[in-house]
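Participant: Fold the following and give me the result.
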Amino acid sequence: MTDIYTTPLLTARETARYLKMPESTLDTWLSDNSGASLVHAVRPERRGWPRVPFVGIIEAYVLRTLRDELGFSMPTVRRAADLVRSEFADAYALASERIATDGIELFVRVADESLVRAPDRQGAFPEVLADYLRYISWDAAGAPERLRLPQYPSEAEVVIDPRFGWGAPVLAKSKVPVEAMVSLWRTGEPISVVAEEYELPADVVENVLRQAA
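Facilitator: Sure thing, here's the model as predicted:
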């Protein structure tokens, strides 16, 4: 069974491509040697081989969303992560359901399930928006188990699930790797044939291919 913390699934280049972010940025996050890394990597078996475990994929997705889409500074994100670490001895803070936001402040759900602001630990009762978390599925223990890639159409959900495809994006319903669909199309098959093969509408297949390619 794949261990989400220790099994390397993807290279930095693959991870950056799937998460639609610069590889150089991800490399910086993965190379953080501060002792409290926000995005975790493991030692690859050989140079150029995968070094990003599933938990690192989730951390990178959350960090990219908080920083680039919601506009939080790195110091603010670090304070929220540090609060999770101190409260729960959890090194993988960004892969936790406990960090939430209302779009203005970052909050952490502490042990008594109340929300406190990350910068000053003051209690708060905001209308918390967790849209970025809705793409992550969690297991019963609160660990991440699947990431839906938001750039793909909802009619054909594409996910990264460590149980299937060895970390490569797969169609959630059939578990078929997206790359298999792309490969069929690149052999010269028309979109209509690819759509029939995977039992999807042609416009959905065209959208999936556009995003994947």
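Participant: drop to CA atoms for contacts and neighbour counts, all remaining ones
Facilitator: Will do.
Participant: Just the element for the most far-flung residue of the chain relative to its centre, please.
Facilitator: In terms of distance from the mean C-alpha position of the chain, residue 188 ranks first, at 32.1 Å (C-alpha atoms, centre = their mean). Using DSSP states H and E, residue 188 sits within no helix or strand.
Participant: Equivalent analysis for residue 15, please.
Facilitator: helix 12-19.
Participant: Tell me who's in contact with residue 107.
Facilitator: 80, 99-101, 115-118 (C-alpha atoms under 8 Å, 6 or more residues apart in numbering).
Participant: what about it, distance to residue 82?
Facilitator: 12 Å (C-alpha to C-alpha, to the nearest Å).
Participant: And residue 164, by the same measure?
Facilitator: Taking C-alpha to C-alpha, one finds residue 164 at 32 Å from residue 82.
Participant: Compare neighbour counts for the two and give me the winner.
Facilitator: Taking other C-alpha atoms under 10 Å, residue 164 and residue 82 do not tie; residue 82 has more neighbours (20 against 17).
Participant: If we go by neighbour counts, what in the following helix or strand past the helix holding residue 15 is buried?
Facilitator: Scanning forward in sequence from helix 12-19 by DSSP H and E, the next helix or strand is helix 23-30. Buried residues in helix 23-30, counting neighbours by 16 or more other C-alpha atoms under 10 Å, are found at 23, 26, 29-30.
Participant: Output those in TSV, with pLDDT appended to each entry.
Facilitator: TSV is the format used below for the buried residues of helix 23-30 (pLDDT from 0 to 100):
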residue	pLDDT
23	95
26	95
29	93
30	91
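Participant: Tell me the span between the first and last residue of stretch 138-158.
Facilitator: 16 Å.
Participant: Mean confidence (pLDDT) on it, please.
Facilitator: The average pLDDT within stretch 138-158 is 90.
Participant: Excluding chain neighbours, what is closest to residue 41?
Facilitator: residue 52 (4.9 Å; C-alpha to C-alpha, 6 or more residues apart in numbering).
Participant: Now do the strands in this structure.
Facilitator: Remark: strands assigned in the chain by DSSP state E are 99-101, 106-109, 115-117, 136-138, 144-148, 158-160, 170-171.
Participant: Nearest approach to residue 74 belongs to which of those strands?
Facilitator: Comparing the strands of the chain by their distance to residue 74 (C-alpha to C-alpha), the top pick is strand 106-109, with 11.7 Å.
Participant: Note down every partner strand of the closest one and its orientation.
Facilitator: According to DSSP bridges, strand 106-109 forms sheet pairs with strand 99-101 (antiparallel), strand 115-117 (antiparallel).
Participant: could you dump the ones you listed to CSV with distance to residue 62, mean pLDDT and mean neighbour count?
Facilitator: As requested, those are arranged in CSV below (distance: least, C-alpha to C-alpha, whole Å; pLDDT from 0 to 100; neighbours: other C-alpha atoms under 10 Å):
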stretch, distance to residue 62, mean pLDDT, mean neighbour count
strand 99-101, 10, 81, 23
strand 115-117, 18, 79, 22
